[in-house]
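In: after the sequence you'll find the predicted model.
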Amino acid sequence: MGGELSADGRRRPKFCSVYSSSALAVNTFGPFDESRTLPIPGAGAYRGGIEFEAQRTAGVRGFKPNLDLVTEPDNADWLYAESKCLEYLRPHGTAFSDAFVAKADKLLTIETARYYARFAEVKKDGRHLYELVDAAQLLKHFLAAKVAGADRRRVTLAYLFWEPADAPEHEVFAVHRHEADQLAAALVDDHVRLKPLSYRDLWSHWDHQPFLAEHVAALRARYDVRLG
């Protein structure tokens, strides 16, 4: 699972940690199997088997993005998801080569391909378009969704992120949301879209699903904490 299950010396695997983004995704989406519809606010409802820690090619040789969640029903839209717990609150340095720009030129709209080129140019100069959102990772995932769908499927790339219960009291979370919304607005495509969504907003949406009430209560008991 992307290194989440690998022990590091005397340390337990990261998946066992309360801050594991992979565990957050598994704990949240575990109850959904092929018999249950998975509702994602602002995106749609998905029905199909879920694959966790799934690799999909972005069309660049030697590289396969690792997605936290994938569901690819036979005759419906697809859902890919990247999960974040605390990662966006720490420095990140995901590499982004010209190979992704070249692939974007072939697959994506002119507007979006230009954005990939601009992002790469800024990154080469040691600057950042975003301080909190790992845009390089999401741009790679976006390409992977485009390659997989190949204009035959509509694919939503959900960017799922944890926030504390008192997020409005801490400016950093508003800044992070703004950055995620900016990136989503910059990626224009007829078949793939980036959908930023906090886990807390997702759970609130599920409050209206009777069979999920107990599950949502358990998720909040574990994750819905205040920073103070």
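Out: Cool, the structure landed. Residues are numbered from 1 along each chain as shown.
In: going forward, measure contacts and count neighbours with C-alpha atoms only.
Out: Will do.
In: could you confirm S83 falls within a helix?
Out: No: secondary structure of S83 (DSSP: H, G, I helix; E, B strand; the rest coil): strand, not part of a helix.
In: so what's the spatially most central residue of the chain up against?
Out: Per Cα atoms, centre = their mean, the C-alpha nearest to the average position across the chain is that of E82, at 2.1 Å. Neighbouring residues of E82 by Cα atoms under 8 Å, 6 or more residues apart in numbering: L67, D68, L69, L138, L157, A158, Y159, L160.
In: is the last one in contact with K84, as I believe?
Out: Translated: L160. Yes: the pair L160 / K84 is scored as a contact, 6.2 Å apart, by Cα atoms under 8 Å.
In: wait, which of the contacts of E82 is closest to L197?
Out: If you rank the contacts of E82 by distance to L197 using Cα to Cα, L160 comes first, at 5.0 Å.
In: the helix or strand where the closest one lies - contacts with which helices or strands?
Out: L160 is part of strand 155-161, with elements assigned from DSSP states H and E. The helices and strands touching strand 155-161, judged by 3 or more Cα pairs under 8 Å, 6 or more residues apart in numbering; DSSP states H and E, are strand 78-84, helix 135-149, strand 192-198.
In: which strands and helices sit next to the following helix or strand past that strand?
Out: Going down the chain from strand 155-161, the next helix or strand is helix 171-186, by DSSP H and E. Contacts defined by 3+ Cα pairs under 8 Å, 6+ apart place helix 171-186 against strand 192-198.
In: what inclination does the strand it packs on have with respect to helix 135-149?
Out: 130 degrees (axes from the mean of the first three to the mean of the last three Cα atoms, to 10 degrees).
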